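Trainee: model the structure of this input:
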Amino acid sequence: MAKLQVAIDLLSTKEALELAAKVAPYVDIIELGTPLIKSEGLAVIKAMKAAHPDKLVFADFKTADTGELEAGMAFGAGADLVTILGSVDDATVIGAVKAAKEHGKGVVVDTIGVKDRVKRAQEVSKLGVEFVELHAGLDEQAQPGYSIQVLIDEAKRAGVPVSIAGGVNIDTIAAVKAAGVAVAVAGGAIYGAKDPAAAAKALREALDAA
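Mentor: The predicted model follows:
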């Protein structure tokens, strides 16, 4: 069964906790976005895990160096998953995986900015990561002609556990699940909705029904 992940791209712990409280009944993974962590630090990870100990807390560090050190910081603060950039040296990923094993947690490789996402997903999956995020960032999504179908097609070809982030919404989530993903990541479709709880519930139902 594919998991549903909410990406919280807000800037304060208070706002993040308020949103998480609304959507937690419908999601499996609560992602603390990079801007949020940069704004609030490790404290927001601690606060979110304390508020939702039954959920997987995903720290979107997008680590580019010192993988073991930064992953250890995230896990020490209560994160269950932490991201390492797919464009980095394998040694950074290996270090993060080492920290994950020590803490009983997981590493996710984020392919934002990677030209050949499928190839890199296959490479890093051999290093012991939990899954690979096929990710089109907000800047890429803003380019003319962008379509989530690119990520869906890549997921079908990858042959390794992946998530998709970059345009998951009520219209695309069935196709995302059909691509065989481990996780569907929804950001703006939830936090940008007038009623985030209703949006998360609808996505959950659509994902389960697909």
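
Trainee: relative to its centre, which residue of this structure is most distant?
Mentor: When distances to the mean C-alpha position of the chain are computed (CA atoms, centre = their mean), the maximum falls on P144, with 24.2 Å.

Trainee: show me the contacts for the residue nearest to A91 when sequence neighbours are not counted.
Mentor: Closest residue in space to A91, ignoring its immediate chain neighbours: G67 at 7.4 Å, by CB to CB, 6 or more residues apart in numbering. In short, each C-beta sits where N, CA and C put it, glycine included. By CB atoms under 8 Å, 6 or more residues apart in numbering, the residues touching G67 are I84, V88, A91, T92, V93, I94, G95, A96, V97, A99.

Trainee: who wins for neighbours among those residues?
Mentor: Among the contacts of G67, the one with the most neighbours (other CB atoms under 10 Å) is A96, at 33 neighbours.

Trainee: who's in contact with the helix or strand containing that one?
Mentor: The secondary structure element spanning A96 is helix 90-103 (assigned by DSSP states H and E). Taking contacts as CB under 8 Å, 6+ apart, the residues outside helix 90-103 that touch it are 63-72, 75-76, 82, 84-85, 105-107, 109, 123-124, 127-130.

Trainee: if I look at K177, how far off is V23?
Mentor: When CB to CB, to the nearest Å is the yardstick, K177 and V23 sit 19 Å from each other.

Trainee: an error on my part: the question was meant for V44.
Mentor: 16 Å.

Trainee: same deal with A96?
Mentor: Separation of A96 from V23 (CB to CB): 27 Å.

Trainee: where along the protein do the strands fall?
Mentor: In order along the chain, the chain carries the following strands (DSSP state E): 3-8, 29-32, 56-63, 81-85, 106-110, 131-135, 162-165, 183-186.

Trainee: ok so, going back, using JSON lines, please lay out the contacts of G67 together with distance to G167.
Mentor: Rendered in JSON lines, the data for the contacts of G67 read as follows (distance: CB to CB, whole Å):
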{"residue": "I84", "distance to G167": "23"}
{"residue": "V88", "distance to G167": "25"}
{"residue": "A91", "distance to G167": "32"}
{"residue": "T92", "distance to G167": "28"}
{"residue": "V93", "distance to G167": "26"}
{"residue": "I94", "distance to G167": "31"}
{"residue": "G95", "distance to G167": "31"}
{"residue": "A96", "distance to G167": "27"}
{"residue": "V97", "distance to G167": "29"}
{"residue": "A99", "distance to G167": "31"}
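
Trainee: from these, which two are the most distant?
Mentor: Of all pairs drawn from the contacts of G67, the widest gap by CB to CB lies between V88 and A99 and measures 14.7 Å.

Trainee: show me what contacts R117?
Mentor: Applying CB under 8 Å, 6+ apart, we find R117 in contact with G86, T111, L134, L151, E154, A158.

Trainee: then G72?
Mentor: Contacts were defined as CB under 8 Å, 6+ apart; by that measure G72 touches A99, E102, H103.

Trainee: which secondary element of the chain has the worst mean pLDDT?
Mentor: Here the helix or strand of the chain ranked lowest by mean pLDDT, DSSP states H and E is helix 138-141, holding a mean of 92.
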